[in-house]
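**Student:** here is my input, please return the structure:
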Amino acid sequence: MTADAEEFDVVVIGGGPGGYATALYGAAAGLSVAIVERDKVGGTCLHRGCVPAKEFLEAAAVVRTVHGAGEFGLSVTAAPIDFAINQARKNRVVDGLFRGLSGLLRGRKVRVVSGTGALEVGHRVRVIDGAEAGTELIGRNVVLAAGSVPRTLPGFEVDGRLVVTSDEFLDLDHVPSSAAVIGGGAIGCEFASLLCDLGCRVTLVEALPSILANCDADVVAVVERSFRKRGIEVIAGATLVDHVPRPDGTGTTVRLAGGQEIDVELVVVSIGRRPRTEGLLAEGTGVVLDRAGFVVTDQYQRTDAEGVWAVGDLVAGAPQLAHVGFAEAIVAVRSMLGEQVAPVDYERVPWAIYCHPEVASAGLTEQQARERRLDVVTKTDPFAGNSRARILGDIDGMVKVVAERTSDGRPGRILGVHLVGPWVTEQLGAGYLAVNWEATPEETAQFLLPHPSLSETFGETVLALTGRGLHLA
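**Tutor:** Numbering: from 1, shown residues only. Okay, here's the model as predicted:
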């Protein structure tokens, strides 16, 4: 042990959602905490992911509102968006949240160390580069929270000009006239949706047979129908070959197997993220990585090394969601303290996708339930019958509830809740509680939801599952 190494109860490597949540929760419990962060606290989510992307999506929503203003009696001439102004607004939002988070950490006396941290034997964390390179920290507990980086594709090397990932996309200074979005998962669908709303011609390319492969099929059908209606071309089951830049550098041609070509100004590669574990661990730490480089933990976030924990995007088997990192942080700290805590149930975590229409879900899809040989009963309720959706003029979508059928044929515990439509990312709370508490439709139907509201569609769906719906047979 180096004589001048700083010692803490907890040393966290990485200041993203999982890392800073560990620090804040640990400090609130009276632990001394240090974070080693290579860039800025807040991580990908705040600076290159969730927050800036959703700010762009909000700009897209404003554009949709302006274009639809005539229906409300407003004569508005919609000019093209000045993306530089919106970039400045996005930066103000991010900077404000960053300052607030930095102030929280200071207020709880968390030591923030600038640089890249690497775990060595004996709970020693060495800062290998950055402003405080050479600093050594010793933690009674060490939490690995180094996060993730975008995956890339062979033949589509990122240059920040013709080919970008989410990192570079969020720094664009203009809206491209045309784009191919590679990857039809949550992030790809969000980018395709916002680009379309901002006036870009979009082609969404997915290797799997369907976009949003982990979502319920009925939900996917609504999104695909909406995308096509808005002019987004969806090519599923595609095999990429490469891309050929134009000689003048103004765009490129994406080539697919079978000879299909897509001529675009920009290619957005959005095929998921890989763990940032290169160089994170020295020899002999005892931390185990799986074949893909993710850190292996138990359900309480403990690695195979005593006193070393992991949270966030680099955890094997965990959904790469900021709120999962928050929950894992609480599990890790409470476990360190010897407190009783329920582990995160990855199968039931809430998912939110902010494309238009929005998607939100918790629990099993109908397909997943049937694959497990569960006897299920389902009910759907379209937003077209919801008075608030009619008032908003946004009626595409539905609520779907999947419940297990009991031996007497009645619907039992709710296995999954799936929503697609207006503002559903803000409506999932009741459904998430129902899934996690294994509530039945009979129990959940007692939730009293306000009228008129979008949320009452969920209440109507579970009420109909009991056999006595008001507006739904």
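
**Student:** what about stretch 369-387, start to end distance?
**Tutor:** 32 Å (Cα to Cα, to the nearest Å).

**Student:** now do it, average pLDDT.
**Tutor:** Mean pLDDT, stretch 369-387: 96.

**Student:** contacts for it next, please.
**Tutor:** Stretch 369-387 has contacts (Cβ atoms under 8 Å, 6 or more residues apart in numbering) with 218, 364, 366, 389-390, 394-405, 411, 415-416, 421-422, 451-452, 454, 456-458, 460-462, 464-465, 471-472. Heads up, the C-betas are built off the backbone N, CA and C, glycines and all.

**Student:** put the buried members of those residues into a PyMOL selection.
**Tutor:** Selection of the buried residues among the contacts of stretch 369-387 in PyMOL, burial being defined by 16 or more other Cβ atoms under 10 Å:
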select buried, resi 218+364+366+389+394+395+396+397+398+399+400+401+402+403+404+411+415+416+421+422+454+456+457+458+460+461+462+464+465
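
**Student:** which ones among the contacts of stretch 369-387 are found in helices?
**Tutor:** Mapping the contacts of stretch 369-387 onto helices (DSSP state H) picks out 218, 366, 389-390, 456-458, 460-462, 464-465.

**Student:** longest strand in this protein, by number of residues?
**Tutor:** Longest strand in the chain by number of residues, with DSSP state E as the criterion: strand 411-421.

**Student:** helices and strands around that strand, which ones?
**Tutor:** Counting contacts by 3 or more Cβ pairs under 8 Å, 6 or more residues apart in numbering; DSSP states H and E, strand 411-421 is packed against helix 217-229, strand 358-363, helix 366-371, strand 398-405, helix 429-436, helix 441-444, helix 456-465.

**Student:** adding distance to residue 332, write those out as TSV.
**Tutor:** TSV is the format used below for the helices and strands packed on strand 411-421 (distance: least, Cβ to Cβ, whole Å):
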stretch	distance to residue 332
helix 217-229	33
strand 358-363	23
helix 366-371	28
strand 398-405	31
helix 429-436	20
helix 441-444	31
helix 456-465	32
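
**Student:** so for residue 27, which of those sits nearest?
**Tutor:** helix 429-436 (27.7 Å; Cβ to Cβ).

**Student:** could you find the closest non-adjacent residue to the residue nearest the centre of the chain?
**Tutor:** Centroid-nearest residue in the chain: residue 321, 4.5 Å away (criterion: Cα atoms, centre = their mean). Nearest non-adjacent residue to residue 321, counting by Cβ to Cβ, 6 or more residues apart in numbering: residue 349, 6.6 Å away.

**Student:** what does residue 341 give?
**Tutor:** Spatial nearest neighbour of residue 341, excluding adjacent residues (Cβ to Cβ, 6+ apart): residue 334 at 4.0 Å.

**Student:** which neighbouring elements make contact with whatever helix or strand that neighbour lives in?
**Tutor:** If you go by DSSP states H and E, residue 334 is part of helix 322-336. Helix 322-336 sits against helix 17-28, strand 136-144, strand 308-310, with contacts defined as 3+ Cβ pairs under 8 Å, 6+ apart.
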